[in-house]
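Model the following, please.
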Amino acid sequence: MQRSADLVLEGGGVKGIALVGAAVALAEHGYRFERIAGSSAGALVGAIIAAMQQRGESMDRVDDIMRTVDYRAMLDRRRGGRLLRWWPRAADAWGVLFHLGAYRGAHLQRWLAGVLGDLGVRTFGDLRFDDPGTSLAPGLSYRLVTTASDLSRQRVMYLPWDLAAYGRDADAFPVARAVRASAAIPFLFEPVRMKSSFGLSTLADGSLLRSYPVEAFDRTDGRPSRWPTIGVRLSSPAGERAKAKPVTGPVSLLMNLIFTTVDSTQIRHVSDPVDVDRSIFAKPRGVRWTDFDLTPEQQQSLYEAGHTAAQRWVAKHPEGPVLSPRALP
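Numbering: from 1, shown residues only. Here you go, the predicted model:
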């Protein structure tokens, strides 16, 4: 029996393979994802799932597609950085100093544009659909929503929802570019520049301000929900027991500042019983979110971590998550 749900995918760098495992497990239990929201790696996986479902393809192919990702190729330096490849730290510093990121991120955008193009999706207009029962404002019915951090205006952006306010045509905006912006990890990948009615906006990793947008599709009109939201997180609900990460120098200080910023935006969703109930906690172990040299064995381990976590969640929620008095999707 097929059941509708909205799917929300947390950001987490290369650990996003676990998101694929969780989504496939949910599909095996009859779930179809009407709308998908995601950040960073969640935006990448969500874009592929949304395009495949729009085309009527089987979810089994999502894993096959993600296995074609060449993570090392994502570390694409500009020419100046390539000239310094014999001294990696100097190459990183050159990229950050002149382009705000050690790597371009162009490979990710090209690869995703090719995958989506083969599925008939290039712009958000290709993911628009008729959804008369939604509580969203007119014109916001898209299969996919990604988050990005607008550093120029110090606020979160929901793409494509916020593009009109920036003077951009949402239907004409490339999905791969939106995902590229959402995945622009600070200092690692160059941010995305976007001309808008506010001037030149600098868009970076959506995880900075909204790593887990589980509330994205919650109803705002007080009417009963049509279907639940199911989220997949790459972290643990027991963050309060996490071990201390010593600050030993400027690099670790910078990384801890980023992690603190990301975690502070998720506190409500960690403690809210409603959000915990509708969240699958697929916490992979032994892999950092920036380990771009993943082995096939590590990729399989990540996939299985997500698949197993989703199987456990379904066993605990055979009828789906409990809907709260709060207006849900």
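
use CA for all of it now, contacts and neighbours both
Will do.

Name the secondary structure element that contains residue 230.
strand 229-233 (DSSP states H and E).

and the helix or strand encompassing residue 97, what does it pack onto?
Of the helices and strands defined by DSSP H and E, residue 97 is found in helix 88-99. Applying 3 or more CA pairs under 8 Å, 6 or more residues apart in numbering; DSSP states H and E, one finds that helix 88-99 contacts helix 79-83, strand 101-103.

Of all the residues in whichever helix or strand comes after the shortest one, which ones are buried?
Spelled out, it's strand 101-103. The helix or strand immediately downstream of strand 101-103 is helix 106-118, counting by DSSP H and E. For helix 106-118, burial by neighbour count (16 or more other CA atoms under 10 Å) applies to 106, 107, 108, 109, 111, 112, 113, 115, 116.

still on that earlier bit, parallel or antiparallel, which strands does the strand holding residue 230 pair with?
strand 3-9 (parallel), strand 279-281 (parallel) (DSSP bridges).

avg pLDDT for that strand?
For strand 229-233, mean pLDDT is 94.

do the same with stretch 77-91
For stretch 77-91, the per-residue pLDDT averages 88.

Return the distance of that stretch from the chain's centre.
Distance of stretch 77-91 from the chain centroid (CA atoms, centre = their mean, to the nearest Å) equals 29 Å.

got the buried residues for it?
Here stretch 77-91 shows 77, 78, 81, 91 as buried, counting by 16+ other CA under 10 Å.

On the strand side of things, show who the closest residue to the first one other than its chain neighbours bridges to.
What that stands for is residue 77. Distances taken as CA to CA, 6 or more residues apart in numbering place residue 103 nearest to residue 77, at 4.8 Å, with adjacent residues excluded. Here residue 103 sits in beta bridges with residue 189, going by DSSP bridges.

Test my guess that residue 103 contacts residue 190.
Yes: using CA atoms under 8 Å, residue 103 is in contact with residue 190, at 6.2 Å.

And the one helix or strand residue 50 maps to, what does it pack against?
Using DSSP H and E, residue 50 maps to helix 41-55. Helix 41-55 sits against strand 3-9, helix 17-28, strand 31-39, helix 60-66, helix 106-118, strand 144-150, helix 175-182, with contacts defined as 3+ CA pairs under 8 Å, 6+ apart.

in whichever helix or strand residue 315 is part of, what's buried?
In the assignment (DSSP H and E), residue 315 maps to helix 296-316. Buried residues in helix 296-316, counted by 16+ other CA under 10 Å: 298-299, 301-311, 313-314.

Could you pull up the contacting residues of residue 232?
By CA atoms under 8 Å, 6 or more residues apart in numbering, the contact set of residue 232 is 7, 8, 9, 10, 19, 22, 279, 280, 281, 282.

Roughly how far does residue 31 sit from residue 297?
28 Å (CA to CA, to the nearest Å).

Which among the strands paired with strand 229-233 is found nearest to residue 225?
strand 3-9 (10.4 Å; CA to CA).

Can I get the closest one in PDB? Just the C-alpha atoms.
In PDB, the C-alpha atoms belonging to strand 3-9 read as follows (Å, rounded to 0.1, in the frame of the first residue of the first chain):
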ATOM      1  CA  ARG A   3       1.400   6.200   1.500                       C
ATOM      2  CA  SER A   4       2.100   9.800   1.000                       C
ATOM      3  CA  ALA A   5       4.600  11.800   3.100                       C
ATOM      4  CA  ASP A   6       6.800  14.800   2.900                       C
ATOM      5  CA  LEU A   7      10.500  14.100   3.300                       C
ATOM      6  CA  VAL A   8      13.100  16.300   5.000                       C
ATOM      7  CA  LEU A   9      16.800  15.500   4.800                       C
END
